[in-house]
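S.K.: Quick one, what's the 3D model for this:
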Amino acid sequence: MSVEDEFDIVVIGGGPGGYATALYGAAAGLSVAIVERDKVGGTCLHRGCVPAKEFLETAAVQRTVSGAGAFGVNVAKSTLDFSVSQDRKNGVVDKLFKGLAGLLRGRKVTIVSGTGTLEADRRVRVLDGEDAGRVLIGRNVVLAAGSVPRTLPGLDVDGRWVMTSDEFLDLKEVPASVAVIGGGAIGCEFASLLADLGAKVTVLEALDSILTGCDEDIVRLIGRSFKKRGIEVVTGVQVEGHTPSADGSSTAVKAGEQSFDVEAIVVSVGRRPRTEGLVAPGVAVEVNDRGFVVADEYQRTAVPGVWAVGDVVAGTPQLAHVGFAEAIVAVKGMLGEPVLPVDYGRVPWAIYCHPEVAFCGMTEAQAKAKGIAVVTKKDPFGGNSRAQIIGDTEGVVKIVAEQQPDGSAGRILGVHMAGPWVTEQLGAGYLAVNWEALPEEVAYFIQPHPSLSESFGETVLALTGRGLHVG
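M.R.: Alright, predicted model coming up:
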């Protein structure tokens, strides 16, 4: 006989969207339970954002040590013990996991171990795990089951020749040569860190360009940077499969009419929602033909009292911070509080390759496609004093503004950056875009000198028609 418990919120999935729902709901005084099949933190903490960025930091340290001679710091030739970075990554993840678990306990969130499925009348049944058979009844149920890596036909993941981000993040050694399948954000991050760590990297992308969705000026800059670093980028090719060599030392990847011999293949072609078995037959939650849960702008599904957040939601960016924002929207909706839905066209994006990429709002091409006349300004980091001091001048800040009838720059539509630590500099641009600010409203805020953030300030000032260092 199953044990039934009632909660104000039952969350299926303990990733960013799920645990943010729990924390925000508990902070509002609601009783909350999370049903999680693995560990709270989800893909982002255990198999995605956090571990990948730790490896990217290892790559940054390697890059710094290799260039130390330019600063008069003479070091012997550096060597890489990737197993140490792997252990450090595990330590970082474990510390963050324990902190998150403690935070949930501190807010009296009940953690239920197992796979949850939504049944009628907002009942969540635990199918397996330590709490198999348990039934939770939610006044509200939030679907936050997350996502898993997509694969391609002919590239069955085996952990030896072919891996996704899951398997890659468990490597103990860096392969000498790698084909990265997919030139999106994650693919470019993997390509960048592998190149910094000494691998010969080839990026194979089916579309005509890497980093689809980024501004064209940013894409060109990253393409030039990758080429200088020896990263080969091949676009417009479909990968059909691979053939291991007879001696077991490499595998030949077939992409269109070309073939590439590599020691490993990393498949990075996006993620699919983990919705198999999430909703029991007969429950009227709509799941589209791609497996995503359909929800409205307030995160409500077709079933009253059932909400969806995070990677399972149709038509939304699969970003951890989007899951955080959606969680707040959902909980405020449950409480009947006024709330603004997430504006997906203005969320911040951060790509941690080298050079880093960060942007929000419309690209120049997107604005023009909507029939909006634009004014743009760009400020290369080559003229930034702090960038020269740290020896990292490759990059640019580009701002897209609506052109007013007199030809001057109106509201800021998009901010696009590539360069040193731009992922930490996007905040001002994000505020400008989301507040629909005019250049005059933000241009005269004083930026510290010397700082990397001056490039944003200089670019906005130039949009007023009276720039200092930018014409």
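S.K.: Was I right to think residue 323 contacts residue 17?
M.R.: Yes - under the criterion of C-beta atoms under 8 Å, residue 323 makes contact with residue 17 at 3.1 Å. The way it works is simple: take the backbone N, C-alpha and C, and place the C-beta from them, glycine included.
S.K.: So those two - more neighbours on which side?
M.R.: Comparing residue 323 with residue 17 by other C-beta atoms under 10 Å, the one with more neighbours is residue 17, at 32 against 29.
S.K.: picking that back up, intersection of neighbour lists for residue 323 and residue 17?
M.R.: Residues touching both residue 323 and residue 17 (C-beta atoms under 8 Å, 6 or more residues apart in numbering): 144, 309-311.
S.K.: show me where pLDDT drops low in the stretch 1-150 of the chain?
M.R.: For the stretch 1-150 of the chain, the stretches with pLDDT under 70 are 1-4.
S.K.: Tell me where it has strands.
M.R.: 4-12, 32-36, 110-113, 116-119, 123-126, 135-143, 147-149 (DSSP state E, counting those that start in this stretch).
S.K.: so what strands line up beside the first one?
M.R.: Sheet neighbours of strand 4-12, with direction, are listed as strand 32-36 (parallel), strand 135-143 (parallel) (DSSP bridges).
S.K.: Can you say which of the ones you listed is packed in most?
M.R.: strand 32-36 (a mean of 27; mean count of other C-beta atoms under 10 Å).
S.K.: Pull that strand out as CSV, backbone CA atoms only.
M.R.: This file holds the C-alpha atoms of strand 32-36, laid out as CSV (Å, rounded to 0.1, in the frame of the first residue of the first chain):
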residue,chain,number,x,y,z
VAL,A,32,7.7,21.6,-0.9
ALA,A,33,8.9,18.2,-2.0
ILE,A,34,11.3,17.4,-4.8
VAL,A,35,11.3,14.0,-6.5
GLU,A,36,14.8,13.4,-8.0
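S.K.: Is it possible to get JSON lines of the strands paired with strand 4-12 that adds distance to residue 184?
M.R.: Output for the strands paired with strand 4-12, formatted as JSON lines (distance: least, C-beta to C-beta, whole Å):
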{"stretch": "strand 32-36", "distance to residue 184": "27"}
{"stretch": "strand 135-143", "distance to residue 184": "25"}
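S.K.: Quick one, which of those gets closest to residue 337.
M.R.: With distances scored as C-beta to C-beta, the stretch of those nearest to residue 337 is strand 135-143 (13.8 Å).
S.K.: For that closest one, give me every contacting residue.
M.R.: Outside strand 135-143, the residues that reach it (C-beta under 8 Å, 6+ apart) are 2-13, 17-18, 21, 33, 35, 112, 116, 118, 121-126, 278-279, 285, 293, 301, 305-309, 312, 327, 330, 334.
S.K.: ChimeraX command for the buried members of those?
M.R.: Remark: buried members of the contacts of strand 135-143, expressed as a ChimeraX selection using 16 or more other C-beta atoms under 10 Å:
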select :7,8,9,10,11,12,13,17,18,21,33,35,112,116,118,122,123,124,125,126,278,279,285,293,301,306,307,308,309,312,327,330,334
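S.K.: nearest spatial neighbour of residue 169, skipping sequence neighbours?
M.R.: residue 51 (4.7 Å; C-beta to C-beta, 6 or more residues apart in numbering).
S.K.: next one: residue 425
M.R.: Residue 425 sits nearest to residue 453 (C-beta to C-beta, 6+ apart), 5.4 Å away.
S.K.: how near is that neighbour to residue 217?
M.R.: Here residue 453 is placed at a distance of 20 Å from residue 217 (C-beta to C-beta, to the nearest Å).
S.K.: Please enumerate the helices of the stretch 51-200 of the chain.
M.R.: Counting by DSSP state H, counting those that start in this stretch, one finds helices in the stretch 51-200 of the chain at the ranges 82-106, 165-168, 185-196.
S.K.: what helices or strands is the second one leaning on?
M.R.: Contacts defined by 3 or more C-beta pairs under 8 Å, 6 or more residues apart in numbering; DSSP states H and E place helix 165-168 against helix 185-196.
S.K.: Give the other helices and strands that the helix it packs on contacts.
M.R.: By 3+ C-beta pairs under 8 Å, 6+ apart, helix 185-196 packs against helix 49-66, helix 165-168, strand 177-181, strand 200-205, helix 216-228, strand 349-351.
S.K.: circling back: can you tell which of the strands of the stretch 1-150 of the chain is closest to residue 358?
M.R.: Smallest distance to residue 358 across these (C-beta to C-beta): 22.5 Å, for strand 147-149.
S.K.: Tell me which strands the closest one pairs with, and in which orientation.
M.R.: Sheet pairing of strand 147-149 (DSSP bridges) gives strand 271-273 (antiparallel).
S.K.: if we look at the strand it pairs with, which residues are touching it?
M.R.: Where contact means C-beta under 8 Å, 6+ apart, the residues beyond strand 271-273 that reach it are 43, 145-150, 290-293, 311-312, 318.
S.K.: give me that answer again for 10 Å
M.R.: 43, 48, 143, 145-151, 164-165, 186, 287-288, 290-293, 308, 310-314, 318 (C-beta atoms under 10 Å, 6 or more residues apart in numbering).
S.K.: next structured bit after that strand?
M.R.: Next helix or strand after strand 271-273 toward the C-terminus (DSSP states H and E): strand 306-308.
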